[in-house]
Structure formats: C-alpha cells, structure tokens
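**Q** can't give you the sequence, but here's the structure:
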C-alpha cells in the first residue's frame, strides 16, 4: 500500500467517526451565549424580543482544512399571539467533508399562570429542514485507479425534523428535544457505500435555574445538558455555570462549561492499549449592550491525546428587535 493510499484509509476512518458524531447542526457550547434556539426548537419566540444571532467557530488555527462552522438564526413571536416562528441556516466544514443546512420552525407557548407576572409556561416546537452533504474527492489521489475513490465531489441531500418542548416556572427551566427524528435510509452514503448509516437521531435534555436576591445586581445560573446519540450509543454531559451583572447600558455575563463524554475511545500507548474520554473546558464571556449582544467562547480539549493543542474559538453577534415590555417577575434572562 502506498503512503497516499494509507493516508486515505486513515482519513476515511476519521471522517466516518466524525460524521457519525456530527451529522446535522453540531452541538457545541454556543447555546450558552443566549442561543438556546439553536438546539431547542421550542425556544423560538419565547423571549419578549425577536432575536437574530450569528456565530462563527474556527478550530485548530494553522491547520489546513480545519473544522469551521457558521450559523445564522432568527426567531420571533407572531404579533401578540402565543405562536412563534424561526429559521436557522448553517455551514459546517471539516476537511473534505462539508454540510449546509436550513431549518424552519414553528413553536407554540401555553401560559398556565393566572397572570403574566408569575411565569409558568409550557412550549412546543417543531423544526423541519434539509441538509446537503458533500465529500470532495477531487484532490484525493492523482495516481492510478482506486475503486474507493470516484475523483468527483459527491453530494446528497436529506430532509429531517426536530421536535421538543420547554417548561419555564419562574426562575427554573427545562428543555427536551429529539433531533433528526426521521430515518434517512441509504441517502447518507457515497456510490461505494462508504459512510452509510441512517439513524441520526439525537436526544437532548437540559435544565437550569437562575438565582437572584431581590435588589441585587448579580444573578447566578447553574445548568446541565445531557446528549445521547441513538445510532452510535454515545452520550455526553455538560455542566455549566453562568454569572450575570446588571449594568447601566445592559448586562455583563460570563461563565464556564465542562463537557465530558460518557464513552471512552481506545488507543495504543507503547505496547499496551489505553482509553480516554472526550473532555472540553469552555469559558465564555459576553455583553448585552442595549439591543446588541456580543460574546466570545473558547473551548479547550483537556485530553492527553489530541490532534492539536490549540483551542477552538467562537464569536457570537446578536441583535434584539421588536421588544415588548418585560412581563414576568423573575430572574429569567432567556425570557425577559
């Protein structure tokens, strides 16, 4: 086997594993930068303002074809009704593999409290969208014939839906979402059957509470997120802490997130076999300045065996518009 063919085989294995973990919109820690709608469709229009959010993520600076992700989302209530709509578009690239997707969302919010001062609300959301997958094989091998390589840019498109609900009770919240509900039989494969799998279903559950003393400028928000991928039986958990400080111009906030995979990956070390579990430490900081939102997120992979020691950088820009008067007596930044 030539060096180039060996490199291609290694690449196929790596991309296959990555694709199984990241089909659809990747789930990083950007939901903590006032962006829960990216992962939970039931959060569309839940706030008293319509929201636009842009994110850009770059991994492994200095590496060719390093992973990069860009997202744009918008969501808003429909007038004064209990219904809301939203939309998400994104572009995700990792080496020779890329995907571009777009989703449309409908959400409905049921208020159970007797008035709008005490927050007690159950929300449902449904997103439907299409994802186009591409694998660029045009530069893989330039010598001879290889049956595994077509030498073209292969692509496939599939349709899927996400469904979930959210519950807000004063300062407490919980979300549950099923992403990629539908099976896509055989559509996610190339002509040779490489990368073929049809179950992209992902289950998400998150919960948290905001603590605030009456009259204090400070608020504290611990939260968790549990993720389970049905097709690969992978699971991970995020443990998060976030702090807010009210300012004359808006709000300063920041925090830290710790993600740990519950499944280990084996690798050779000397003459033996070792294993490690994926760990991310992600500090983040942001500011709400009038109707604008600015945030920076840095993720560091805290494992002994990594592809690159560099961190993963992400910027979030947001704008709130069409704001209504704050209704609820609660420390609930996602709502008020």
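**A** Arrived safely. If you're wondering where the values come from, they're calculated on a predicted model, not measured in any experiment.

**Q** in the stretch 101-250 of the chain, which spans are strands?
**A** 120-136, 153-169, 172-179, 202-209, 218-229, 234-246, 250-269 (DSSP state E, counting those that start in this stretch).

**Q** okay, those in JSON lines with mean pLDDT and mean neighbour count next?
**A** For the C-beta atoms, the positions are set from N, CA and C on the backbone; glycine is no exception. Shown next, in JSON lines, are these (pLDDT from 0 to 100; neighbours: other Cβ atoms under 10 Å):
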{"stretch": "strand 120-136", "mean pLDDT": "92", "mean neighbour count": "19"}
{"stretch": "strand 153-169", "mean pLDDT": "91", "mean neighbour count": "18"}
{"stretch": "strand 172-179", "mean pLDDT": "97", "mean neighbour count": "20"}
{"stretch": "strand 202-209", "mean pLDDT": "97", "mean neighbour count": "18"}
{"stretch": "strand 218-229", "mean pLDDT": "97", "mean neighbour count": "18"}
{"stretch": "strand 234-246", "mean pLDDT": "96", "mean neighbour count": "17"}
{"stretch": "strand 250-269", "mean pLDDT": "85", "mean neighbour count": "15"}
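
**Q** with distance to residue 301 as extra columns, can I get those strands in CSV?
**A** Output for those, formatted as CSV (distance: least, Cβ to Cβ, whole Å):
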stretch, distance to residue 301
strand 120-136, 25
strand 153-169, 27
strand 172-179, 23
strand 202-209, 21
strand 218-229, 17
strand 234-246, 13
strand 250-269, 10
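
**Q** tell me which of those sits nearest to residue 27.
**A** strand 218-229 (6.3 Å; Cβ to Cβ).

**Q** and the contacts of that closest one?
**A** Residues from elsewhere that reach strand 218-229 (Cβ atoms under 8 Å, 6 or more residues apart in numbering): 20-21, 27, 31, 201-212, 234-246, 255, 331, 333.

**Q** so residue 333: helix, strand or coil?
**A** coil (DSSP: H, G, I helix; E, B strand; the rest coil).

**Q** quick check: closest non-adjacent residue to it.
**A** The shortest distance from residue 333 to any non-neighbouring residue, by Cβ to Cβ, 6 or more residues apart in numbering, is to residue 244 (6.3 Å).

**Q** wait, the one you found touches residue 250, no?
**A** No - assessed by Cβ atoms under 8 Å, residue 244 is found out of contact with residue 250, at 10.4 Å.

**Q** overlap in contacts, these two.
**A** Common neighbours of residue 244 and residue 250 (Cβ under 8 Å, 6+ apart) do not exist.

**Q** low-confidence stretches in the stretch 1-150 of the chain?
**A** 1-23, 60-65, 116, 139-150 (pLDDT under 70).

**Q** picking that back up, out of the strands of the stretch 101-250 of the chain, which is closest to residue 81?
**A** Closest to residue 81 of these is strand 120-136 (Cβ to Cβ; 13.2 Å).

**Q** strand partners (parallel or antiparallel) of that closest one?
**A** In the sheet, strand 120-136 lines up against strand 97-111 (antiparallel), strand 153-169 (antiparallel) (DSSP bridges).

**Q** show the contacting residues for the nearest residue to residue 291 once chain neighbours are set aside.
**A** Counting by Cβ to Cβ, 6+ apart, the nearest residue to residue 291 once its immediate chain neighbours are dropped is residue 320, at 4.6 Å. By Cβ under 8 Å, 6+ apart, the contact list for residue 320 reads 47, 49, 50, 51, 52, 291, 292, 293.

**Q** okay if I get these as TSV plus distance to residue 80 and secondary structure?
**A** Below are the contacts of residue 320 laid out as TSV (distance: Cβ to Cβ, whole Å; DSSP: H, G, I helix; E, B strand; the rest coil):
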residue	distance to residue 80	secondary structure
47	14	coil
49	14	coil
50	13	strand
51	17	strand
52	20	strand
291	20	coil
292	25	strand
293	24	strand
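
**Q** closest one to residue 130 out of those, please.
**A** Of those, the one sitting nearest to residue 130 (Cβ to Cβ) turns out to be residue 52, at 21.6 Å.

**Q** pretty sure the closest one sits against residue 319.
**A** Yes - counting by Cβ under 8 Å, residue 52 touches residue 319, with 4.7 Å between them.

**Q** which ones are touching residue 157?
**A** Counting by Cβ under 8 Å, 6+ apart, residue 157 has contacts 130, 131, 132, 133, 187.

**Q** return the member of the residues you listed nearest to residue 314.
**A** Nearest to residue 314 among the contacts of residue 157: residue 131, at 20.9 Å, using Cβ to Cβ.

**Q** what is that closest one paired to in the beta sheet?
**A** Beta-bridge pairing for residue 131 (DSSP bridges): residue 101, residue 158.

**Q** distance check, it against residue 108.
**A** As defined by Cβ to Cβ, to the nearest Å, residue 131 lies at a distance of 25 Å from residue 108.
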